[in-house]
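> predicted coordinates and the sequence they were generated for:
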Amino acid sequence: MKIDVQTTDYLKELIGVMTREGLLLCVAGPNGRPNAMTIGWGTVGVIWGRPIFVALVRPTRYTYGLLEAAGDFTVNLMPRNMADAVAYCGSVSGRDHDKLAERGLTPVPAKMVRSPLIDEAVLQLECRVVHRNKVEPASLPPEIDAMYNQDYHGLFYGHILAVHADPDLRSKTSTDSDR
C-alpha cells in the first residue's frame, strides 16, 4: 500500500534511478489505453511557485502525441527487480505494443489526473501539463547538438499534484553503491 508523501521526500532516489535504469512515464491514449515509455532525461524543481517535473520527449515518439492530447502524465519509479520491464518499455513503441500488458505491469487510476499510475511502482508522481516548449537547436553548444540528429525534444512541464510512495521504497531501489 502506498502512502502520500511530499514532493521532495525521495528526490535522491528519483534522480538516481532516472540516471541509471530510467523511470516510466505513463499517459492515457484517447481510447483510454495506457502507454509507458522509459525516460532518462528529466528534472524536478520549483517553477512558478509550484513543484514541477519536466519530462523530455522527442516528437518522433508515440508518447509525444499522446502527451499533447492528454495534458497530463504520471512518472513511475520501478523497483530494481523490474529493470527488465523498464528496459523493454524503452525498446519498443506503443504504436505496435501494449507494453504494460506484455510485461505484466498493472495500470491503476490516479487520484488527480486521467493518466494511470503503475501499481508496481514504488514512487508515483501525478502531473498536469502546465507548459510545453521545444529545445531550440540554435542555442545549443555543438557537443549537445551532436546528441540530437535533428530530433529535438519537446519539454513537458508537469505540475506535480500528488506523490505516492511504497514505505519500503529505499530497500527496493538501492544498489550496493547507494549503501
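Perfect, I can see it now. Residues are numbered from 1 along each chain as shown.

> tell me the confidence at the residue nearest to residue 167 when sequence neighbours are not counted?
Counting by Cβ to Cβ, 6 or more residues apart in numbering, residue 167 lies nearest to residue 3, which is 6.1 Å off, once chain neighbours are set aside. To be clear about C-beta, it is placed using only N, CA and C from the backbone, and glycine gets the same treatment. Looking at residue 3, its pLDDT reads 96.

> so what pairs up with residue 3 in the strands?
Beta-bridge partners of residue 3, counted by DSSP bridges, are residue 165.

> pretty sure residue 162 sits against residue 123.
No: using Cβ atoms under 8 Å, residue 162 is not in contact with residue 123; the gap is 11.5 Å.

> those two - which one has more neighbours?
A direct count of neighbours by other Cβ atoms under 10 Å for residue 162 and residue 123 places residue 123 higher, at 24 against 17.

> tell me which residues touch that one, please.
Residue 123 makes contacts with 10, 13-14, 76-77, 163-166, 169, as judged by Cβ atoms under 8 Å, 6 or more residues apart in numbering.

> cool, residue 51 as well?
For residue 51, the contacting residues are 7-8, 44-45, 159-160, by Cβ under 8 Å, 6+ apart.

> related to what we said a few turns ago, burial check on the residue nearest to residue 167, number of neighbours?
11.

> for it, give me its contacts.
By Cβ under 8 Å, 6+ apart, the contact set of residue 3 is 164-165, 167.

> so which strand or helix has the most centrally placed residue in the chain?
Residue closest to the average C-alpha location in the chain (Cα atoms, centre = their mean): residue 25, at 2.9 Å. If you go by DSSP states H and E, residue 25 is part of strand 23-28.

> what's the nearest residue to residue 59 if we skip its chain neighbours?
Among residues not flanking residue 59 along the chain, residue 154 sits closest, at 5.7 Å (Cβ to Cβ, 6+ apart).

> dig out what the one you found forms beta bridges with.
Counting by DSSP bridges, residue 154 forms beta bridges with residue 57, residue 134.

> correct me, but it touches residue 61?
No: applying Cβ under 8 Å, one finds residue 154 not in contact with residue 61, separated by 9.2 Å.

> which SS class is residue 31?
coil (DSSP: H, G, I helix; E, B strand; the rest coil).

> could you export the contacts of residue 123 as a markdown table, including pLDDT and distance to residue 150?
Shown next, in a markdown table, are these (pLDDT from 0 to 100; distance: Cβ to Cβ, whole Å):
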| residue | pLDDT | distance to residue 150 |
| --- | --- | --- |
| 10 | 96 | 36 |
| 13 | 96 | 34 |
| 14 | 96 | 30 |
| 76 | 98 | 30 |
| 77 | 98 | 31 |
| 163 | 98 | 36 |
| 164 | 98 | 38 |
| 165 | 97 | 39 |
| 166 | 96 | 40 |
| 169 | 93 | 39 |
